[in-house]
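In: Have a look; sequence and predicted model below, questions after that.
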Amino acid sequence: MDQKPRMLEGYRVLDFTHFVAGPTCTRILAEMGADVIKVERSLSGDHVRKLGLVRDGLSTYYFQHNHSKRSLALDLRNPRARELILAMIPKIDVVVENFAPGVIAEMGFGYAAVRRINPRIIMCSISVAGQTGPLSYKPGYDFLGASLAGVLDQIGEPDRAPSVPAMAIGDVSTGVASAMAVGFALLNRERSGEGQYLDASLLDTYFHMHDASVPVVSLRPGKWSPKRGGSLHPTGSPCGAYQAPGGYIFLIMQQHEIARLWRAMKRPDLAEDARFKTNRDRLKNNLEFKRIFEEWLATFPDRDAALKVLDAERVPCAPVYKVEETIAQPHMRQRKTVRRVKYGTMGEFDIPGLPVKFSTWPDRTDLKASAVGGDNDAILNEVLGLTPAEIAVLYEDKVLIAARAPVSQDKPA
């Protein structure tokens, strides 16, 4: 039976990205079916090829963020390499890059340059603070965007320095937002025939995550500022991580749900307790509520037993899992939120699936990642029509780079 084409099949993406934010964008486009051509500029390739577990030149970090893409490796210091890239632009639908602002233009592939060649092209630039504005000069990484956005200041204990999340929340979120924007821009191009330039930044993405504080701070200048709450939310109660036998439980409730908790705890007296009537009351007595709730949790033999009672009353709660516990959950496997993949000498291992499920086709598990320059020959033949002999000359002249020797080719006449 013929399979339906994937949503972005037929679109071609030129990928100048590295690390996480940019590669997340292009990886999602690749999973949607686009032909993503990742440009690598040296034999060592993307910097993350050396991060995570590394075997035979491939790392788990690189695989997770760059599977489903093809690798085109050139020495872009060579004018002929730049000519090859520019010759490809008429056949390209989308360009994505996440260098510091100005770098891609200095390389000769800025939006003005590629748009002259292909007016329908869509280009997405990802940076820490955007392409315009007083902070646009800054190079940067995830945590710098979080710091500038007032997000990092909200994480951690109130009497200590801000805490650093051990994951790339802003990078991945900016990559997802960028992929969304590219999809919208492609839809607009189908309707209008016009390409456009997309300016995405970690700072903008992080600032977008503020769910409540921005308008309140704006309306009460100098009078109110959000504070770190540590394991308890600073403006909602109950909302936080509570100690149970064998681990933590996260509890979060709205006012209309609080009666469920008193029923689960078999404490109707707390429903009439003036200390816990409203969210404002509970916040004033947050530590006392924590003490009472944790004493109740301590009466159970383990965390799961407490969760079973809370779930029976539909109390919004969850175990605070370690990563290995999350990976082991049948729910995660069934939905392919955790995907089991197999690749070469790396063997079988797990990676995240797509954050949204599509009804017409499932998340793929037959994934692969390319060695540096592993797809040079196929790309140059398909996109530019170069013959094996012409490609062989490019290798001999060190225009092309490959981690392994290319398949034997005819020598030029």
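Out: Arrived safely, thanks for sending.
In: could you point out the longest helix in this protein?
Out: helix 169-192 (DSSP state H).
In: other SSEs contacting that one?
Out: helix 21-31, strand 94-97, strand 122-127, helix 142-148, strand 196-201, helix 202-208 (3 or more C-beta pairs under 8 Å, 6 or more residues apart in numbering; DSSP states H and E). C-betas here are computed from N, CA, C, even on glycine.
In: Give me the residues contacting that helix.
Out: Here helix 169-192 makes contact (C-beta atoms under 8 Å, 6 or more residues apart in numbering) with 8, 11, 19-29, 32, 93-94, 96, 120, 122, 124, 126, 141-143, 145-146, 151, 194-196, 198, 200-202, 205-206, 208-209, 355.
In: try 7 Å
Out: 11, 20-22, 24-25, 28-29, 94, 120, 122, 124, 126, 142, 145-146, 194-196, 198, 200, 202, 205-206, 355 (C-beta atoms under 7 Å, 6 or more residues apart in numbering).
In: Now the buried members of the residues you listed.
Out: Among those, those classed as buried by 16 or more other C-beta atoms under 10 Å are 11, 20-22, 24-25, 28-29, 94, 122, 124, 126, 142, 145-146, 195-196, 198, 200, 202, 205-206.
In: Check the secondary structure at Leu8 for me.
Out: At Leu8 the chain is in coil, as set by DSSP: H, G, I helix; E, B strand; the rest coil.
In: residues touching it, list them.
Out: Here Leu8 is in contact with 29, 32-34 (criterion: C-beta under 7 Å, 6+ apart).
In: so which of these would you say is closest to Pro316?
Out: Checking these against Pro316 with C-beta to C-beta, the nearest one is Met32 at 32.8 Å.
In: Now the closest one. Nearest residue, chain neighbours left out?
Out: Leu8 (4.0 Å; C-beta to C-beta, 6 or more residues apart in numbering).
In: ok, that neighbour to Val383 distance?
Out: 17 Å (C-beta to C-beta, to the nearest Å).
In: How about Trp296?
Out: From Trp296 to Val383 the distance is 65 Å (C-beta to C-beta).
In: which intervals of the protein have sub-threshold pLDDT?
Out: 1-3, 404-413 (pLDDT under 70).
In: go again using 90 as the cut-off
Out: Residue ranges of the chain with pLDDT under 90: 1-6, 42-45, 47, 55-58, 139-140, 342-346, 358-366, 402-413.
In: centroid residue for it?
Out: Val172 (1.7 Å; C-alpha atoms, centre = their mean).
In: Quick check: that one vs Tyr197, distance?
Out: From Val172 to Tyr197 the distance is 23 Å (C-beta to C-beta).
In: which residues touch Gln334?
Out: No contacts exist for Gln334 under C-beta under 7 Å, 6+ apart.
In: now the helices: where do they sit in the stretch 1-150 of the chain?
Out: Assigned by DSSP state H, counting those that start in this stretch, the stretch 1-150 of the chain shows helices spanning 21-31, 60-66, 79-88, 103-106, 111-117, 142-148.
In: Please compute how far stretch 261-277 lies from its chain's middle.
Out: The chain centroid and the centroid of stretch 261-277 are separated by 41 Å under C-alpha atoms, centre = their mean, to the nearest Å.
In: Run through the residues that contact Ala113.
Out: Counting by C-beta under 7 Å, 6+ apart, Ala113 has no contacts.
In: Then Ile104?
Out: So Ile104 contacts 16, 97, 110, 125 (C-beta under 7 Å, 6+ apart).
In: Which two among those are spaced furthest apart?
Out: Maximum distance among these (C-beta to C-beta): 10.9 Å, for Phe16 and Gly110.
In: who's more crowded, the two?
Out: Phe16 (24 against 18; other C-beta atoms under 10 Å).
In: The spatially closest residue to the more buried one that is not a sequence neighbour: neighbouring residues, count only.
Out: In space, and not counting its chain neighbours, Phe16 is closest to Glu97: 3.8 Å by C-beta to C-beta, 6+ apart. Other residues near Glu97 come to 24 when the count uses other C-beta under 10 Å.
In: Next: Val372.
Out: Neighbours of Val372 (other C-beta under 10 Å): 25.
In: I figured it hits Arg70, correct?
Out: No: taking contacts as C-beta atoms under 7 Å, Val372 lies outside contact range of Arg70: 11.5 Å.
In: show me the contacts for Leu384.
Out: So Leu384 contacts 87-88 (C-beta under 7 Å, 6+ apart).
In: let's see it at 10 Å
Out: Taking C-beta atoms under 10 Å, 6 or more residues apart in numbering, we find Leu384 in contact with 84, 87-88, 91, 390-391.
In: distance of it from Gln254?
Out: Counting by C-beta to C-beta, the separation of Leu384 from Gln254 is 59 Å.
In: Would you quantify the distance from the closest residue to Ala306 other than its chain neighbours to Lys308?
Out: Distances taken as C-beta to C-beta, 6+ apart place Phe300 nearest to Ala306, at 4.3 Å, with adjacent residues excluded. Distance, Phe300 to Lys308, using C-beta to C-beta: 9 Å.
In: More neighbours: these two, which one.
Out: Phe300 (16 against 10).
In: if I read this right, that one contacts Ala244, doesn't it?
Out: Yes: the pair Phe300 / Ala244 is scored as a contact, 6.9 Å apart, by C-beta atoms under 10 Å.
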